[in-house]
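In: from the sequence below, what's the structure:
(one chain, ligands or ions: 2)
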Amino acid sequence: MEEISPQDRAKVLSEALPYIRAFYGKNVVIKYGGHAMVEESLKDSFASDVVLLKYIGINPIIVHGGGPQIGNMLKKIGKKTLFRDGMRITDEETMNIVEMVLAGQVNKEIVQLIHRHGGKAVGLSGKDSQLIEATKMQIFRYQGDDRPPEIIDIGLVGEVRRINTDILRILEQSQIIPVIAPVGVGPAGETFNINADLVAGAIAASLRASKLILMTDVPGVLDKDGNLISSMTVSEALEMIENETITGGMIPKVRCAVDAVQSGVQKVHIIDGRIPHAVLLELFTDSGIGTEIVENEGKRK
Ligand SMILES: Nc1ncnc2c1ncn2[C@@H]1O[C@H](COP(=O)(O)OP(=O)(O)O)[C@@H](O)[C@H]1O
Ligand SMILES: CC(=O)N[C@@H](CCC(=O)OP(=O)(O)O)C(=O)O
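Out: Ligands and ions are numbered 1, 2, ... in the order given. Got it, this is the predicted structure:
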């Protein structure tokens, strides 16, 4: 690795000060997913970043994914899985596996990881303290102007109806970091599988968080030529979905980013979880990494 001079180290540390001041006492929601959740050294750098944030008085709230882990378990039991618009079609058996993997395995692994790095964490699913109230997601397919849209049934996939922030407000006052699995509870006590990006967006919006950071395994939002877009406004983002520059799993990410900034979250960042210490680089350096999504031109960096 390239040696950094003492002067450069000092410069990086002092560059962080205004950001530490700006985010002191504030909520930062981090969606943890992609490669950063699979590779050992990246897991360690993520956990140490999160613990550092809490120690210096910033409140990280972790919402995790686990799509690949669910996929592996379904493969093991020989069950096929299909996606529609970035959402896993979820029958009852799949829902049981999703809950077991997300709220059981993945959630507890992250909690342990944080403990190993000297922090304190508590694992929650949307059922704990009714944290995530959900309803069944409806997907509509346009069939032309003269016909009503077709409703596509994707099973027990939920969308967030309400976040009960009480438990998060309590934890805000403590040294404990919440780690949230994207499983929601329906009006009749049903269990819903919810895309983790959507949960992170809804939590950031209901807490009016200072930042929402969505970690993924690409450099950020890419244009048609594959170049990174470092900053985009809500209308630019929607235009890119419309013209199909943004597709697949990036659609829920960008949609939730748009919803979050429109609900009062100051900035949303989509960043590359393959970069060690991606969270620190995003929060505490002038240049940042990835794509930032802001409400309008005036709010760009
Ligand atoms: N314009 C775009 N820029 C970047 N990624 C895009 C774009 N359009 C589609 N994608 C796809 O979205 C994927 C990220 O979504 P997803 O795989 O669901 O991420 P995660 O598992 O981290 O939540 C990328 O790997 C890429 O294949
Ligand atoms: C409805 C839906 O698709 N739910 C997701 C929940 C996990 C998730 O979002 O994981 P990633 O962030 O790693 O993709 C799923 O079943 O995969």
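
In: write out the residues of the stretch 151-300 of the chain neighbouring ligand 2.
Out: Neighbours of ligand 2 within the stretch 151-300 of the chain, by CB under 6 Å from any ligand atom: 157, 182, 193-196. Where you see a C-beta, it was placed from the backbone N, CA and C, and this is true even at glycine.

In: let's see 5 Å
Out: 157, 193, 195-196 (CB under 5 Å from any ligand atom).

In: burial check on residue 164, number of neighbours?
Out: Counted with other CB atoms under 10 Å, the neighbours of residue 164 add up to 15.

In: for residue 56, same thing?
Out: The number of residues packed near residue 56 is 11, by other CB under 10 Å.

In: list the contacts of it.
Out: 20, 24 (CB atoms under 8 Å, 6 or more residues apart in numbering).

In: for the host helix or strand of residue 8, buried residues please.
Out: In this structure, residue 8 sits in helix 6-23 according to DSSP states H and E. By 16 or more other CB atoms under 10 Å, the buried positions in helix 6-23 come out as 19, 23.

In: same question for stretch 72-80.
Out: Buried residues in stretch 72-80, counted by 16+ other CB under 10 Å: 73-74.

In: quick one: end-to-end length of that stretch, please.
Out: 11 Å (CA to CA, to the nearest Å).

In: 28 is where my numbering starts, stick with that
Out: New numbering, starting at 28: the last item is stretch 99-107.

In: can you tell me what sits against that stretch?
Out: Here stretch 99-107 has contacts from 108, 120-121, 124, 127-128, using CB under 8 Å, 6+ apart.

In: for the residue of the stretch 28-177 of the chain found nearest ligand 2, which non-adjacent residue is spatially closest?
Out: Of all residues in the stretch 28-177 of the chain, residue 92 sits closest to ligand 2, at 2.2 Å by CB to the nearest ligand atom. In this structure, residue 92 finds its nearest non-sequential neighbour in residue 60, 3.3 Å apart by CB to CB, 6 or more residues apart in numbering.

In: and that neighbour, what pLDDT?
Out: Predicted confidence (pLDDT) for residue 60: 86.

In: which residues touch it?
Out: 91-94, 223-224, 241-243, 300.

In: please apply the same query to residue 233.
Out: 189-190, 192, 290 are the contacts of residue 233 under CB under 8 Å, 6+ apart.

In: go with 6 Å
Out: 190, 192 (CB atoms under 6 Å, 6 or more residues apart in numbering).

In: got the phi/psi numbers for it?
Out: phi -70, psi -20 (degrees, to the nearest 10).

In: and if you look at the one 10 residues further on?
Out: Main-chain dihedrals, residue 243, degrees, to the nearest 10: phi -140, psi -170.

In: you'd agree it is up against residue 61?
Out: Yes - using CB atoms under 6 Å, residue 243 makes contact with residue 61 at a distance of 4.6 Å.

In: and the residue of the protein nearest ligand 1?
Out: residue 276 (2.1 Å).

In: tell me how far that residue lies from residue 89.
Out: Distance of residue 276 to residue 89, computed by CB to CB, to the nearest Å: 19 Å.

In: so those two - more neighbours on which side?
Out: Legend: neighbour count by other CB under 10 Å for residue 276 and residue 89, higher for residue 89 (24 against 20).

In: what helix or strand is the more buried one on?
Out: strand 86-91.

In: report the distance from that strand to the chain centre.
Out: Counting by CA atoms, centre = their mean, to the nearest Å, strand 86-91 is centred 8 Å from the centre of its parent chain.
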